[in-house]
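Enquirer: The following comprises the amino acid sequence and a computationally predicted model.
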Amino acid sequence: MFTVADIQEKLPNWPDPVVNEWLPYFANDIGWPPAEPLGKDRWGGILGSRPLIWWADVTWKEENTDCGFAKLSRSTQGASRM
């Protein structure tokens with residue numbers, strides 16, 4: 001079982017909430033760390049086909065966004081009514 005500490009070893013600049021809520025599920029499902037270079041497994045899609053070293057240099061900032069129904073695209077609003 002992979003821990004948050006295992007993930008943060010490779011992604012030390014990632015905020016705790018991003019790591020805690022997102023990555024342990026996938027790490028424990030498909031393994032950690034992702035293969036280098038990324039193959040055709042799920043990590044390629046999850047990481048946008050970018051290598052882990054690229055993600056390690058990403059700078060994060062918190063933003064507040066209105067995700068209310070009126071802010072959704074028309075197609076998304078229509079799909080939610082189904």
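Expert: Nice, thanks for sending it over.
Enquirer: Which strand or helix spans the residue nearest in space to the middle of the chain?
Expert: Nearest residue to the geometric centre of the chain (C-alpha atoms, centre = their mean): residue 22, 5.7 Å. Here residue 22 sits within helix 16-30, counting by DSSP states H and E.
Enquirer: tell me which residues of that helix are tucked away?
Expert: 19, 23, 24, 26, 27 (16 or more other C-beta atoms under 10 Å). The C-beta positions use only the backbone N, C-alpha and C, and glycine is treated the same way.
Enquirer: and residue 12, which of the three is it?
Expert: coil (DSSP: H, G, I helix; E, B strand; the rest coil).
Enquirer: so what pLDDT did the residue lying closest to it once chain neighbours are set aside get?
Expert: Nearest non-adjacent residue to residue 12, counting by C-beta to C-beta, 6 or more residues apart in numbering: residue 56, 7.2 Å away. At residue 56, the model reports a pLDDT of 93.
Enquirer: List the contacts of residue 56.
Expert: Residue 56 makes contacts with 10, 11, 12, 13, as judged by C-beta atoms under 8 Å, 6 or more residues apart in numbering.
Enquirer: Any regions of the chain where pLDDT drops low?
Expert: Across the chain, the ranges flagged by pLDDT under 70 are 82.
Enquirer: Kindly recompute the last result at 90.
Expert: Low-confidence segments of the chain, defined by pLDDT under 90: 13, 17-18, 21-22, 35-41, 59-62, 67, 76, 78-82.
Enquirer: ok, which stretches of it are helices?
Expert: With DSSP state H, the ranges of helices along the chain come out as 4-10, 16-30, 42-46, 52-56, 74-80.
Enquirer: Can you lay out those as JSON lines showing distance to residue 64?
Expert: Output for these, formatted as JSON lines (distance: least, C-beta to C-beta, whole Å):
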{"stretch": "helix 4-10", "distance to residue 64": "25"}
{"stretch": "helix 16-30", "distance to residue 64": "14"}
{"stretch": "helix 42-46", "distance to residue 64": "25"}
{"stretch": "helix 52-56", "distance to residue 64": "23"}
{"stretch": "helix 74-80", "distance to residue 64": "20"}
